[in-house]
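1. sharing a model prediction with you, sequence too.
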Amino acid sequence: MGATVSAPARRTTSPKRERSGRAERRGRRQIFFTAFLGLGLIAVVLVHVWLRLQVVKTGYVLSTASKLQSHLEQENQELKIELATITSPDRLESLAHRRLGLVQPEKGQIIILP
């Protein structure tokens, strides 16, 4: 009986294990890539929704400002009419006669200064 001594067995990965390791790494990469794309898509959608909300908010602000401008322009027109009415020469002359008792000056009462 002869004892045969064999060389120590080398531990090498079998081709099946090597392929499964590569496939596992590829699978992880795909998962990370898919997750990254998903998060990117969610970020884009959130930014889009935020921008739409800002557009709507700005529209409301513009609408309110436009209404206020119209109201102020109308009020300005009314005040101009009131000012023109109050400062009209006929009205002022009438008030001067009624309230203050003023009359038109006669010819000798006017003195022209040099």
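-> Alright, I've got the coordinates.
2. so is residue 46 in a helix, a strand, or just coil?
-> The local conformation at residue 46, judged by DSSP: H, G, I helix; E, B strand; the rest coil, is helix.
3. and the gap between it and residue 39?
-> Computed as Cβ to Cβ, to the nearest Å, the residue 46 to residue 39 distance reads 10 Å. Bear in mind the C-beta positions are built from the backbone N, C-alpha and C, glycine included.
4. shaky segments in this structure?
-> Residues of the chain that meet the criterion pLDDT under 70 lie in 1-19.
5. show me where it has its helices.
-> With DSSP state H as the criterion, the chain has helices at 15-86, 89-95.
6. nearest to residue 110, out of these?
-> Checking the helices of the chain against residue 110 by Cβ to Cβ gives helix 89-95 as the closest, at 17.0 Å.
7. residues contacting the closest one, please?
-> Outside helix 89-95, the residues that touch it by Cβ atoms under 8 Å, 6 or more residues apart in numbering are residue 85.
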